[in-house]
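[1] coords below, sequence missing:
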């Protein structure tokens, strides 16, 4: 049947209009919620509009709160950019700008007034190398140190009869000492006449040591462990050799203390990263990044400190006159050592319990010989 001209014209018109109508339909479909929303706001009463807007605002705040839910306690009400996570030990003037310093190393020493002459030598040595110096006064005496010119330039912290590690745990938090590349945490009875802090740091950086100590000069020092003794022909050593068959044998295959991978606690030096681990009592790879620096050495006098009676104490290598020992008097030094041994046993019980409770923890050094060593908790 032949198609009329009118029908052909209508079909052509339909083909032309259909794409435009389709596009219009899609636009209306997409924007319908927005148009409806606009219409709704226009038609609502003023009170209803206010309630509706408050509901939208609550939804936005709820979404924002969900995104920031993981902020640590205390920071919830603060904008992120205002939060300062770290600090340092530099003091500030009461007015004006602080002096510009270029200090990146910290020396902290546990001191008593009886050893002030030797401490004076140590402090002057390190201040001359641009160190920040912090003194932990375990005898409670602070004012008598004002006799030294440098006293007002160092930081003093005082608490009676506390150890160096007690002070360090409470006043050297990793976030506070984050500004310092290295932390020297030393005893007061070290001779530094032949020690050069700046050269020591150059060696430590070059060798990649995270935990280190200066070697002890044999003949002048009180040496308790073979690994701490100075090797005259070396810059650094990381292990000791003991092949006489007595006690623990140390050779090239040894992988545990006291043959390798540790230092003594009397003169440790920690990198910033290592101190953060040590502060939390977690160790890194102790066989590679721990060593004793022979090229820069000290003398360990071995002066007794905590637990010694006030009378008859050794001062700078010279012995004072001792008063007669009273009958039935408590041996304070012995009691301190006994307390240390008891705390070691408590530590072992705590460690065993912690390992049993933490099912996610993996022992990186499952060596039975190390577990049995009395040196293990000091690593």
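    That came in fine, so what should we check first? Please read all numbers here as calculations on a predicted model, not as lab measurements.
[2] And the strands in the stretch 251-379 of the chain, which stretches?
    269-271, 290-300, 314-315, 318-319 (DSSP state E, counting those that start in this stretch).
[3] who does the first one touch, helix- and strand-wise?
    Contact here means 3 or more Cβ pairs under 8 Å, 6 or more residues apart in numbering; DSSP states H and E; on that basis strand 269-271 packs against strand 182-186, helix 197-207, strand 211-216. To be clear about C-beta, it is placed using only N, CA and C from the backbone, and glycine gets the same treatment.
[4] How about residues contacting the last one?
    By Cβ atoms under 8 Å, 6 or more residues apart in numbering, the list of residues contacting strand 211-216 from outside reads 195, 200, 204, 222-223, 228-231, 236-237, 263-264, 266-271, 274, 278, 286, 289-294, 296-300.
[5] Are any of those residues buried, and if so which?
    For the contacts of strand 211-216, a neighbour count by 16 or more other Cβ atoms under 10 Å gives the buried set as 195, 200, 204, 223, 228-230, 236-237, 263-264, 266-271, 274, 278, 286, 289-294, 296-300.
[6] Model confidence at residue 282, what's the number?
    pLDDT, the model's per-residue confidence, is 45 for residue 282.
[7] Likewise for residue 314?
    45.
[8] With the one 5 residues further on instead?
    At residue 319 the predicted local confidence, pLDDT, stands at 51.
[9] cool, residue 375 as well?
    Looking at residue 375, the pLDDT reads 43.
[10] returning to that earlier point: which of the strands of the stretch 251-379 of the chain has the lowest average pLDDT?
    strand 314-315 (a mean of 44).
[11] ok, residue 361 - contacts?
    Residue 361 touches 354, 355, counting by Cβ under 8 Å, 6+ apart.
[12] So residue 173 lies in a strand, does it not?
    No - with DSSP: H, G, I helix; E, B strand; the rest coil as the criterion, residue 173 is coil rather than part of a strand.
[13] Where in the protein is the helix or strand with the lowest mean pLDDT?
    Ranked by mean pLDDT, DSSP states H and E, the weakest helix or strand in the chain is strand 314-315, scoring a mean of 44.
[14] Run through the protein and note the low-pLDDT ranges.
    In the predicted model of the chain, residues 1-71, 76-78, 282-289, 291, 295, 297, 304-327, 365-379 satisfy pLDDT under 70.
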